[in-house]
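Enquirer: One predicted model, sequence on top.
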Amino acid sequence: MKIGVPTTDGSPTLGYIFALVSAIGAGLATVVGKWNLESIPVLLMNSIIFTVATVALSVGWLPFAGFKKAFCISRQGWFWVGLFTITSLLAVWAFWEGVKRMDPTLAAFVNRAEVPMVIILGIVILKERFSRWETLGLVLSIVGIVIMRLTLRWEYSLGFWLVLLGALFFGLTEFVSKIGIRHVPPVTLAYLRNLMLAPIYWLMFAVSGESFDGLEKVWLGVVALGLIGPILSRMMYLLALKRMDLSKVAVISQSQPVYVVLIALFALGQLPTVRETAGGIFLVIGCVVMIFARARPARNRS
């Protein structure tokens, strides 16, 4: 299967709006998810949020789009839907398992490590060059990760590695989704992914032997997360990718920790330490440097 450089179409201005809404939605989702996970296990939360997202789109979108538009896609399209579902499954599970164990703001910083993953995939799969500026950005990102790890409160250690693992899978997911929307419309891609993830997570939850205990305390937050995460944030991201280069969408996504900081402070009263924040800032700066370097014309890279 030949993979070309992804293309964009539509209004770039609208793309910026979609990307910003996606970043804000992802920030809100992180804090709401942290609140939910104080009472229920990750697999139960994931099972419900993807079921909510599937039902909402089945009622609010599928009747207007039609069965044919949603399911009659090419074999190549189904390949990318399947790959998008698998990478999302691993990314979402690892991320929330990590968030359950650590400060949501710190988790949002660590999750920015998805950017180096996207760029490395571009180099390996698309045979793109790695410039000196991108090397600098990668070094800054690694420095940020090391600072956060060395200054990390001991109780956050497992959460740190789980979120970092999730970030690597999210990077793979973003790369797959950018190619996938060339073969499947963004809303259709999101809908089919949610439709597949819901039963998979319910099966994982059943096998785990975990209970529904605590759901009565946070059911409203779980339902809200099903609308904010898989629908608002993810669909807005895919719609932004359809109209903008991945690098530009990624730059806007780097603002996500800012929204998490503000929302977590007011809603949960939680903040990372100064040194953990410093590490996060190094990581974000490194990501932004890599993104801008990747966005420069190849002839200007050095």
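Expert: Okay, I see it.

Enquirer: burial count for residue 208?
Expert: 12 (other C-beta atoms under 10 Å). For glycine as for every other residue, the C-beta is placed from the backbone atoms N, C-alpha and C.

Enquirer: Next: residue 240.
Expert: 28.

Enquirer: same deal with residue 75?
Expert: Residue 75, neighbours per other C-beta under 10 Å, totals 7.

Enquirer: same check, this time on residue 202
Expert: When neighbours are counted by other C-beta under 10 Å, residue 202 comes out with 17.

Enquirer: Now do it, the pLDDT please.
Expert: pLDDT, residue 202: 97.

Enquirer: And for the one 5 residues further on?
Expert: In the prediction, the pLDDT value recorded for residue 207 is 97.

Enquirer: separation between it and residue 97?
Expert: Counting by C-beta to C-beta, to the nearest Å, the gap from residue 207 to residue 97 is 16 Å.

Enquirer: Looking at the two, which one has more neighbours?
Expert: residue 97 (21 against 9).

Enquirer: pretty sure the more buried one contacts residue 162?
Expert: Yes. Between residue 97 and residue 162 there is a contact at 4.7 Å, judged by C-beta atoms under 8 Å.

Enquirer: how about the residue most central in space within the chain, what does it touch?
Expert: Compute the mean C-alpha point of the chain, and by C-alpha atoms, centre = their mean the closest residue is residue 170, 5.3 Å away. Contact analysis of residue 170 by C-beta atoms under 8 Å, 6 or more residues apart in numbering lists 91, 95, 111, 114, 117.

Enquirer: Name the residues of the strand or helix carrying it that are buried.
Expert: Taking DSSP states H and E as the definition, one finds residue 170 inside helix 157-180. Across helix 157-180, burial judged by 16 or more other C-beta atoms under 10 Å covers 159-180.

Enquirer: so how far is that helix from its chain's centroid?
Expert: 7 Å (C-alpha atoms, centre = their mean, to the nearest Å).

Enquirer: can you give me the mean pLDDT across that helix?
Expert: pLDDT averaged over helix 157-180 gives 86.

Enquirer: which stretches of the stretch 101-250 of the chain have low pLDDT?
Expert: Along the stretch 101-250 of the chain, the model assigns pLDDT under 70 to residues 119, 122-123, 125-131, 134, 138, 141-142, 145-156, 246-248, 250.
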